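*Asks:* Next come a sequence and a model predicted from it.
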Amino acid sequence: MDYARSSFCLSDIKSIVIFRALLLGDLLCAGPAFLSLRAAMPQARITLVSLPWARALRSYMPGCFDDFIEFPGYPGFPERKMDPTRLPGFLREVQEQKYDLALQMQGNGYIANSLVAAFGARRTGGYYLPGQYCPDRELCMVYPEKLPEIWRHLALMRHLGVTVNNDRLHFHVPEEDSQALRELLKAHRIEQPYVCIHPGTNAEWRCWPVEHYAAVADILAAEGFQVVVTGSAAERERAQHVLEYMHSPAINLAGETTNLGVLGALIRDASLTVCGDTGISHLACAVDCPSVVVFMRSETEGWPPLDRIRHRLVCSISGVTEQMVIEEALDLLHLARAPYSGPATGISAISIFHQASI
(Lines give C-alpha, C1' and ligand atoms only; values in the text may rest on other atoms or scores of the structure.)
Protein backbone atom coordinates (compact mmCIF):
# COMPACT_ATOMS: atom_id res chain seq x y z
CA MET A 1 0.00 0.00 0.00
CA ASP A 2 1.21 3.49 -0.79
CA TYR A 3 0.59 5.78 2.16
CA ALA A 4 1.87 9.20 1.12
CA ARG A 5 3.46 11.24 3.88
CA SER A 6 1.79 14.51 4.64
CA SER A 7 3.77 17.66 3.83
CA PHE A 8 2.51 19.61 6.84
CA CYS A 9 5.07 20.43 9.50
CA LEU A 10 4.85 18.37 12.69
CA SER A 11 6.72 20.96 14.71
CA ASP A 12 3.99 23.53 14.03
CA ILE A 13 1.38 21.42 15.83
CA LYS A 14 0.84 22.66 19.38
CA SER A 15 -2.49 21.01 20.21
CA ILE A 16 -4.12 17.74 19.11
CA VAL A 17 -7.51 16.19 19.80
CA ILE A 18 -7.94 12.43 19.23
CA PHE A 19 -11.40 10.91 18.83
CA ARG A 20 -11.52 7.24 19.84
CA ALA A 21 -14.63 6.57 21.92
CA LEU A 22 -14.40 2.80 22.21
CA LEU A 23 -13.55 0.04 24.69
CA LEU A 24 -10.39 -1.17 26.46
CA GLY A 25 -8.97 -3.34 23.69
CA ASP A 26 -9.58 -0.64 21.10
CA LEU A 27 -7.62 1.95 23.09
CA LEU A 28 -4.79 -0.47 23.89
CA CYS A 29 -4.42 -1.36 20.20
CA ALA A 30 -4.02 2.32 19.38
CA GLY A 31 -1.39 2.73 22.11
CA PRO A 32 1.68 2.28 19.88
CA ALA A 33 0.33 4.98 17.56
CA PHE A 34 -0.34 7.30 20.52
CA LEU A 35 3.24 6.88 21.75
CA SER A 36 4.66 7.42 18.26
CA LEU A 37 2.64 10.63 18.00
CA ARG A 38 3.92 11.81 21.37
CA ALA A 39 7.53 11.09 20.43
CA ALA A 40 7.15 13.01 17.17
CA MET A 41 5.37 15.98 18.76
CA PRO A 42 6.59 16.36 22.34
CA GLN A 43 5.61 20.03 22.22
CA ALA A 44 1.93 19.28 21.56
CA ARG A 45 -0.83 19.10 24.16
CA ILE A 46 -2.88 15.99 23.36
CA THR A 47 -6.52 15.57 24.35
CA LEU A 48 -8.43 12.29 24.17
CA VAL A 49 -12.17 12.36 23.44
CA SER A 50 -13.58 9.05 24.59
CA LEU A 51 -16.08 7.21 26.79
CA PRO A 52 -16.18 7.98 30.54
CA TRP A 53 -14.24 4.86 31.57
CA ALA A 54 -11.21 6.02 29.53
CA ARG A 55 -10.60 9.04 31.76
CA ALA A 56 -8.35 6.81 33.90
CA LEU A 57 -6.11 5.89 30.98
CA ARG A 58 -3.70 8.73 31.67
CA SER A 59 -2.50 6.69 34.67
CA TYR A 60 -2.23 3.43 32.73
CA MET A 61 -0.94 4.77 29.40
CA PRO A 62 1.43 7.48 30.66
CA GLY A 63 2.71 9.97 28.14
CA CYS A 64 -0.11 9.47 25.68
CA PHE A 65 -2.57 12.18 26.73
CA ASP A 66 -2.57 15.46 28.64
CA ASP A 67 -6.32 16.10 28.80
CA PHE A 68 -9.61 14.24 28.51
CA ILE A 69 -13.05 15.24 27.24
CA GLU A 70 -16.00 12.92 27.80
CA PHE A 71 -17.91 11.90 24.68
CA PRO A 72 -21.70 12.21 25.19
CA GLY A 73 -22.66 9.90 22.33
CA TYR A 74 -23.71 10.55 18.76
CA PRO A 75 -26.17 8.93 16.30
CA GLY A 76 -24.72 5.76 14.83
CA PHE A 77 -22.29 4.97 17.67
CA PRO A 78 -23.53 1.96 19.69
CA GLU A 79 -20.91 2.31 22.44
CA ARG A 80 -22.93 5.01 24.19
CA LYS A 81 -26.52 6.15 23.90
CA MET A 82 -26.52 9.78 22.86
CA ASP A 83 -27.60 12.43 25.34
CA PRO A 84 -28.94 15.15 22.97
CA THR A 85 -28.94 17.75 25.72
CA ARG A 86 -25.17 17.41 26.17
CA LEU A 87 -24.08 17.31 22.54
CA PRO A 88 -24.14 21.11 21.90
CA GLY A 89 -22.10 21.78 25.04
CA PHE A 90 -19.63 19.05 24.11
CA LEU A 91 -19.07 20.50 20.65
CA ARG A 92 -18.73 23.99 22.08
CA GLU A 93 -16.11 22.77 24.59
CA VAL A 94 -14.08 21.11 21.86
CA GLN A 95 -14.38 24.02 19.41
CA GLU A 96 -13.28 26.54 22.03
CA GLN A 97 -9.91 24.79 22.29
CA LYS A 98 -9.11 25.68 18.65
CA TYR A 99 -6.99 22.58 18.13
CA ASP A 100 -4.29 22.58 15.48
CA LEU A 101 -5.01 18.96 14.57
CA ALA A 102 -7.95 16.61 15.05
CA LEU A 103 -7.41 12.88 14.50
CA GLN A 104 -10.36 10.63 13.69
CA MET A 105 -9.18 7.22 14.97
CA GLN A 106 -12.63 5.81 15.64
CA GLY A 107 -12.92 3.73 12.48
CA ASN A 108 -13.42 4.01 8.74
CA GLY A 109 -14.96 7.48 9.03
CA TYR A 110 -18.35 6.73 7.50
CA ILE A 111 -20.09 8.22 10.54
CA ALA A 112 -17.25 9.79 12.52
CA ASN A 113 -15.78 12.13 9.90
CA SER A 114 -18.67 14.60 9.92
CA LEU A 115 -18.54 14.71 13.74
CA VAL A 116 -14.77 15.23 13.92
CA ALA A 117 -14.96 17.90 11.22
CA ALA A 118 -17.33 19.75 13.56
CA PHE A 119 -14.54 19.89 16.18
CA GLY A 120 -13.30 22.93 14.26
CA ALA A 121 -9.60 22.02 14.28
CA ARG A 122 -7.25 23.76 11.86
CA ARG A 123 -6.45 20.42 10.19
CA THR A 124 -8.07 16.99 10.36
CA GLY A 125 -6.41 13.61 9.86
CA GLY A 126 -7.79 10.09 9.97
CA TYR A 127 -9.52 7.60 7.73
CA TYR A 128 -12.15 7.72 5.02
CA LEU A 129 -13.86 5.33 2.63
CA PRO A 130 -13.55 5.86 -1.13
CA GLY A 131 -16.51 7.82 -2.39
CA GLN A 132 -17.44 9.03 1.11
CA TYR A 133 -16.84 12.34 2.87
CA CYS A 134 -13.17 13.14 3.54
CA PRO A 135 -12.49 16.20 5.72
CA ASP A 136 -8.86 16.68 4.63
CA ARG A 137 -7.52 15.06 1.46
CA GLU A 138 -3.90 15.56 2.53
CA LEU A 139 -4.01 14.29 6.10
CA CYS A 140 -6.68 11.60 5.75
CA MET A 141 -6.00 8.19 4.24
CA VAL A 142 -8.19 5.43 2.83
CA TYR A 143 -9.12 3.09 5.68
CA PRO A 144 -6.65 0.13 5.56
CA GLU A 145 -9.23 -2.57 6.27
CA LYS A 146 -6.92 -5.56 5.77
CA LEU A 147 -4.23 -4.48 8.23
CA PRO A 148 -4.24 -5.63 11.88
CA GLU A 149 -5.81 -2.98 14.12
CA ILE A 150 -2.48 -2.00 15.69
CA TRP A 151 -0.92 -1.49 12.29
CA ARG A 152 -3.89 0.49 10.96
CA HIS A 153 -3.14 3.28 13.39
CA LEU A 154 0.60 3.05 12.84
CA ALA A 155 -0.12 3.40 9.11
CA LEU A 156 -1.97 6.63 9.87
CA MET A 157 0.98 7.88 11.91
CA ARG A 158 3.33 7.17 9.04
CA HIS A 159 0.93 8.90 6.65
CA LEU A 160 1.23 11.99 8.85
CA GLY A 161 5.03 11.83 8.71
CA VAL A 162 5.45 10.33 12.18
CA THR A 163 8.31 7.86 12.66
CA VAL A 164 7.05 4.42 13.69
CA ASN A 165 9.43 2.12 15.56
CA ASN A 166 7.37 -0.02 17.93
CA ASP A 167 4.09 -1.93 17.73
CA ARG A 168 4.05 -3.44 21.22
CA LEU A 169 1.06 -2.76 23.45
CA HIS A 170 1.70 -1.20 26.84
CA PHE A 171 -0.19 -0.82 30.11
CA HIS A 172 1.42 0.67 33.20
CA VAL A 173 0.35 -0.67 36.60
CA PRO A 174 0.90 1.89 39.38
CA GLU A 175 2.37 0.57 42.63
CA GLU A 176 -0.83 1.30 44.56
CA ASP A 177 -2.71 -1.04 42.23
CA SER A 178 -0.08 -3.74 42.71
CA GLN A 179 -0.51 -3.35 46.45
CA ALA A 180 -4.30 -3.54 46.11
CA LEU A 181 -3.88 -6.77 44.17
CA ARG A 182 -1.70 -8.27 46.89
CA GLU A 183 -4.44 -7.48 49.42
CA LEU A 184 -7.12 -8.96 47.16
CA LEU A 185 -5.16 -12.19 46.63
CA LYS A 186 -4.52 -12.49 50.35
CA ALA A 187 -8.22 -11.98 51.15
CA HIS A 188 -9.17 -14.81 48.78
CA ARG A 189 -6.20 -17.01 49.70
CA ILE A 190 -4.93 -16.99 46.14
CA GLU A 191 -1.29 -17.93 45.76
CA GLN A 192 0.99 -18.10 42.80
CA PRO A 193 1.18 -19.78 40.45
CA TYR A 194 -2.33 -19.04 39.24
CA VAL A 195 -4.05 -18.81 35.86
CA CYS A 196 -6.88 -16.51 34.84
CA ILE A 197 -9.96 -17.74 33.00
CA HIS A 198 -12.03 -14.93 31.48
CA PRO A 199 -15.21 -16.43 29.94
CA GLY A 200 -17.09 -13.22 29.08
CA THR A 201 -17.01 -10.83 26.14
CA ASN A 202 -19.02 -7.76 25.23
CA ALA A 203 -21.10 -9.77 22.73
CA GLU A 204 -22.84 -13.07 23.41
CA TRP A 205 -21.96 -14.51 20.01
CA ARG A 206 -18.26 -14.15 20.84
CA CYS A 207 -18.57 -16.28 23.98
CA TRP A 208 -17.12 -19.77 24.03
CA PRO A 209 -19.37 -22.10 26.09
CA VAL A 210 -18.71 -21.99 29.85
CA GLU A 211 -18.45 -25.78 30.07
CA HIS A 212 -15.49 -25.64 27.67
CA TYR A 213 -13.74 -23.05 29.82
CA ALA A 214 -14.41 -25.28 32.83
CA ALA A 215 -12.80 -28.29 31.14
CA VAL A 216 -9.70 -26.24 30.30
CA ALA A 217 -9.58 -24.89 33.86
CA ASP A 218 -9.71 -28.41 35.32
CA ILE A 219 -6.70 -29.45 33.25
CA LEU A 220 -4.76 -26.37 34.38
CA ALA A 221 -5.71 -27.07 37.99
CA ALA A 222 -4.39 -30.62 37.57
CA GLU A 223 -1.10 -29.08 36.42
CA GLY A 224 -0.80 -27.39 39.81
CA PHE A 225 -2.17 -23.94 39.06
CA GLN A 226 -4.78 -22.18 41.13
CA VAL A 227 -7.66 -21.10 38.90
CA VAL A 228 -9.02 -17.55 39.08
CA VAL A 229 -12.12 -16.72 37.03
CA THR A 230 -12.40 -13.05 36.09
CA GLY A 231 -15.03 -10.77 34.61
CA SER A 232 -17.08 -7.66 35.19
CA ALA A 233 -19.91 -7.45 37.72
CA ALA A 234 -22.34 -8.09 34.84
CA GLU A 235 -20.40 -11.28 33.99
CA ARG A 236 -20.33 -12.68 37.52
CA GLU A 237 -23.12 -15.17 36.84
CA ARG A 238 -21.35 -16.45 33.73
CA ALA A 239 -18.13 -16.77 35.72
CA GLN A 240 -19.97 -18.69 38.42
CA HIS A 241 -21.26 -21.14 35.81
CA VAL A 242 -17.64 -21.97 34.98
CA LEU A 243 -17.04 -22.88 38.63
CA GLU A 244 -20.20 -25.00 38.69
CA TYR A 245 -19.01 -27.05 35.72
CA MET A 246 -15.52 -27.51 37.18
CA HIS A 247 -14.45 -30.51 39.25
CA SER A 248 -11.57 -28.62 40.84
CA PRO A 249 -11.82 -25.63 43.21
CA ALA A 250 -11.54 -22.14 41.74
CA ILE A 251 -12.03 -18.53 42.82
CA ASN A 252 -14.61 -16.25 41.20
CA LEU A 253 -13.25 -12.68 41.13
CA ALA A 254 -15.77 -11.39 38.56
CA GLY A 255 -16.91 -7.97 39.69
CA GLU A 256 -14.15 -7.63 42.29
CA THR A 257 -11.52 -6.05 40.04
CA THR A 258 -13.47 -2.96 39.04
CA ASN A 259 -10.27 -0.90 39.23
CA LEU A 260 -8.58 -1.22 35.85
CA GLY A 261 -5.10 -1.09 37.37
CA VAL A 262 -5.85 -3.96 39.77
CA LEU A 263 -7.19 -6.01 36.88
CA GLY A 264 -4.02 -5.25 34.93
CA ALA A 265 -1.90 -6.35 37.89
CA LEU A 266 -3.93 -9.55 38.26
CA ILE A 267 -3.39 -10.47 34.60
CA ARG A 268 0.27 -9.38 34.70
CA ASP A 269 1.10 -11.72 37.57
CA ALA A 270 -0.80 -14.72 36.19
CA SER A 271 1.07 -17.59 34.58
CA LEU A 272 -1.51 -17.70 31.77
CA THR A 273 -4.77 -16.11 30.69
CA VAL A 274 -7.43 -17.97 28.69
CA CYS A 275 -10.10 -15.71 27.21
CA GLY A 276 -12.23 -14.87 24.22
CA ASP A 277 -11.94 -12.08 21.68
CA THR A 278 -12.26 -9.22 24.15
CA GLY A 279 -10.28 -6.46 25.82
CA ILE A 280 -8.64 -8.87 28.26
CA SER A 281 -6.78 -10.50 25.37
CA HIS A 282 -5.15 -7.15 24.53
CA LEU A 283 -4.52 -6.41 28.20
CA ALA A 284 -2.66 -9.73 28.49
CA CYS A 285 -0.44 -8.65 25.59
CA ALA A 286 0.10 -5.23 27.14
CA VAL A 287 1.26 -6.65 30.51
CA ASP A 288 3.18 -9.53 28.89
CA CYS A 289 1.09 -12.40 30.26
CA PRO A 290 1.01 -15.49 28.00
CA SER A 291 -2.48 -16.05 26.67
CA VAL A 292 -4.75 -18.30 24.66
CA VAL A 293 -7.45 -16.38 22.82
CA VAL A 294 -10.55 -18.17 21.53
CA PHE A 295 -12.08 -16.63 18.43
CA MET A 296 -15.58 -17.68 17.45
CA ARG A 297 -16.58 -15.86 14.26
CA SER A 298 -15.19 -12.38 14.82
CA GLU A 299 -12.50 -10.46 12.97
CA THR A 300 -9.52 -12.80 13.00
CA GLU A 301 -7.68 -10.57 10.53
CA GLY A 302 -7.75 -7.32 12.46
CA TRP A 303 -7.81 -8.17 16.15
CA PRO A 304 -5.64 -11.17 17.10
CA PRO A 305 -2.33 -10.50 18.92
CA LEU A 306 0.67 -9.87 16.69
CA ASP A 307 2.99 -12.05 18.79
CA ARG A 308 1.75 -15.57 18.06
CA ILE A 309 4.47 -17.19 20.19
CA ARG A 310 3.34 -15.95 23.63
CA HIS A 311 -0.26 -15.26 22.62
CA ARG A 312 -2.02 -18.10 20.82
CA LEU A 313 -5.02 -17.63 18.56
CA VAL A 314 -7.45 -20.57 18.46
CA CYS A 315 -10.17 -20.56 15.81
CA SER A 316 -11.82 -23.13 13.57
CA ILE A 317 -14.60 -23.07 11.00
CA SER A 318 -15.91 -26.32 12.47
CA GLY A 319 -15.77 -24.97 16.03
CA VAL A 320 -13.09 -24.56 18.69
CA THR A 321 -12.72 -27.70 20.79
CA GLU A 322 -11.52 -28.00 24.37
CA GLN A 323 -8.52 -30.02 23.22
CA MET A 324 -7.36 -27.24 20.87
CA VAL A 325 -7.26 -24.75 23.72
CA ILE A 326 -5.74 -27.21 26.19
CA GLU A 327 -2.87 -28.03 23.84
CA GLU A 328 -2.00 -24.37 23.33
CA ALA A 329 -2.32 -23.61 27.04
CA LEU A 330 -0.07 -26.46 28.12
CA ASP A 331 2.50 -25.58 25.48
CA LEU A 332 2.67 -22.01 26.78
CA LEU A 333 2.93 -23.13 30.39
CA HIS A 334 5.75 -25.49 29.58
CA LEU A 335 7.74 -22.70 27.95
CA ALA A 336 9.96 -20.63 30.19
CA ARG A 337 8.51 -17.18 30.82
CA ALA A 338 11.45 -15.46 29.18
CA PRO A 339 11.64 -11.80 28.12
CA TYR A 340 10.15 -11.11 24.71
CA SER A 341 12.65 -11.74 21.92
CA GLY A 342 10.47 -11.33 18.83
CA PRO A 343 8.80 -13.91 16.59
CA ALA A 344 10.46 -17.27 16.12
CA THR A 345 11.47 -16.32 12.56
CA GLY A 346 13.78 -13.64 13.95
CA ILE A 347 11.86 -10.99 12.00
CA SER A 348 10.30 -8.34 14.22
CA ALA A 349 6.61 -7.60 13.86
CA ILE A 350 7.32 -3.92 13.25
CA SER A 351 9.60 -4.73 10.32
CA ILE A 352 6.80 -6.83 8.83
CA PHE A 353 4.49 -3.82 9.26
CA HIS A 354 6.85 -1.61 7.28
CA GLN A 355 6.98 -4.22 4.50
CA ALA A 356 3.22 -4.92 4.52
CA SER A 357 2.18 -1.28 4.32
CA ILE A 358 4.60 -0.09 1.65
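*Replies:* Cool, the structure landed. Fair warning: this is a prediction, and the values are worked out from it, not measured in the lab. Numbering: from 1, shown residues only.
*Asks:* and the closest residue to Ala233 other than its chain neighbours, helix, strand or coil?
*Replies:* Nearest-residue entry for Ala233: Gly255, 3.5 Å, with adjacent residues in sequence omitted and distances by Cβ to Cβ, 6 or more residues apart in numbering. Placement of C-beta: from N, CA and C, glycine included. Secondary structure, DSSP: H, G, I helix; E, B strand; the rest coil: Gly255 is coil.
*Asks:* Now do the contacts for the residue of the chain positioned farthest from its centre.
*Replies:* Residue farthest from the centre of the chain, counting by Cα atoms, centre = their mean, is His247 at 32.8 Å. Contacts for His247 (Cβ atoms under 8 Å, 6 or more residues apart in numbering) come out as Asp218.
*Asks:* The residue nearest to Ala233 reaches Ser232, doesn't it?
*Replies:* Yes. Between Gly255 and Ser232 there is a contact under Cβ atoms under 8 Å: 6.4 Å.
*Asks:* Gly89: which element?
*Replies:* Assigned by DSSP states H and E, Gly89 falls within helix 87-96.
*Asks:* following that helix, which helix or strand comes up?
*Replies:* strand 101-104.
*Asks:* Can you tell me how far Val210 is from Thr257?
*Replies:* According to Cβ to Cβ, to the nearest Å, Val210 stands 19 Å off from Thr257.
*Asks:* Name the nearest residue to Val227, ignoring sequence neighbours.
*Replies:* Among residues not flanking Val227 along the chain, Ala250 sits closest, at 3.9 Å (Cβ to Cβ, 6+ apart).
*Asks:* Going along the chain, name the helices of the stretch 101-250 of the chain.
*Replies:* Under the criterion DSSP state H, counting those that start in this stretch, the stretch 101-250 of the chain carries helices at the ranges 112-117, 149-159, 175-187, 210-222, 236-245.
*Asks:* Contacts only, for Arg122.
*Replies:* So Arg122 contacts Lys98, Tyr99, Asp100, Leu101 (Cβ under 8 Å, 6+ apart).
*Asks:* re the thing from before, excluding its own residues, what touches the helix holding Gly89? List them.
*Replies:* Defining contact as Cβ under 8 Å, 6+ apart, one finds that helix 87-96 is touched by Val17, Val49, Ile69, Glu70, Phe71, Pro72, Gly73, Tyr74, Ala118, Phe119, Gly120.
*Asks:* do the same with stretch 206-218
*Replies:* Residues outside stretch 206-218 that contact it (Cβ under 8 Å, 6+ apart) are 195, 197, 199-201, 227, 229, 238, 241-248, 250, 274, 276-278, 294, 296, 298, 320-322, 325-326, 329.
*Asks:* Spell out which residues make up each domain of this structure.
*Replies:* If you go by automatic domain parsing, the domain ranges for the chain are 10-159, 175-334.
*Asks:* Can you check which of these gets nearest to Arg168?
*Replies:* Ranking the domains of the chain by proximity to Arg168 (Cβ to Cβ) places domain 10-159 first, at 6.5 Å.
*Asks:* How far does the closest one sit from its chain's centre?
*Replies:* From the chain centre to the centre of domain 10-159 is a distance of 15 Å (Cα atoms, centre = their mean, to the nearest Å).
*Asks:* And that domain, end to end?
*Replies:* Using Cα to Cα, to the nearest Å, the end-to-end distance of domain 10-159 comes to 12 Å.
*Asks:* same question, stretch 293-310
*Replies:* 11 Å.
*Asks:* contact partners of that stretch?
*Replies:* Contacts for stretch 293-310 (Cβ under 8 Å, 6+ apart): 25, 29, 145-150, 152, 167, 205-208, 274-277, 281-282, 285, 288, 290-291, 311-315, 320, 325, 332, 340, 343-344, 349.
*Asks:* Make a ChimeraX selection of the buried ones in the residues you listed.
*Replies:* Buried members of these, defined by 16 or more other Cβ atoms under 10 Å, are picked up in ChimeraX with:
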select :25,29,147,148,149,150,152,167,206,207,208,274,275,276,277,281,282,285,288,290,291,311,312,313,314,315,320,325,332,343,349
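*Asks:* Sort out for me which of the contacts of stretch 293-310 are in strands.
*Replies:* Val274, Cys275, Gly276, Ser291, His311, Arg312, Leu313, Val314 (DSSP state E).
*Asks:* from memory the last one sits against Ile326, does it?
*Replies:* No. Here Val314 lies out of contact with Ile326, judged by Cβ under 8 Å, at a distance of 10.0 Å.
*Asks:* Quickly note the distance from Pro62 to Cys9.
*Replies:* Distance from Pro62 to Cys9, by Cβ to Cβ: 27 Å.
*Asks:* Looking only at neighbour counts, state which of the two leads.
*Replies:* Neighbour count, other Cβ atoms under 10 Å: between Pro62 and Cys9, Pro62 has more, with 13 against 8.
*Asks:* Return the residues in contact with the more buried one.
*Replies:* His172.
*Asks:* what about it, helix or strand, and which?
*Replies:* With DSSP H and E as criterion, Pro62 is part of no helix or strand.
*Asks:* Tell me the predicted confidence for it.
*Replies:* Per-residue confidence (pLDDT) for Pro62: 95.
*Asks:* Likewise for Gly342?
*Replies:* Here, the pLDDT recorded for Gly342 equals 52.
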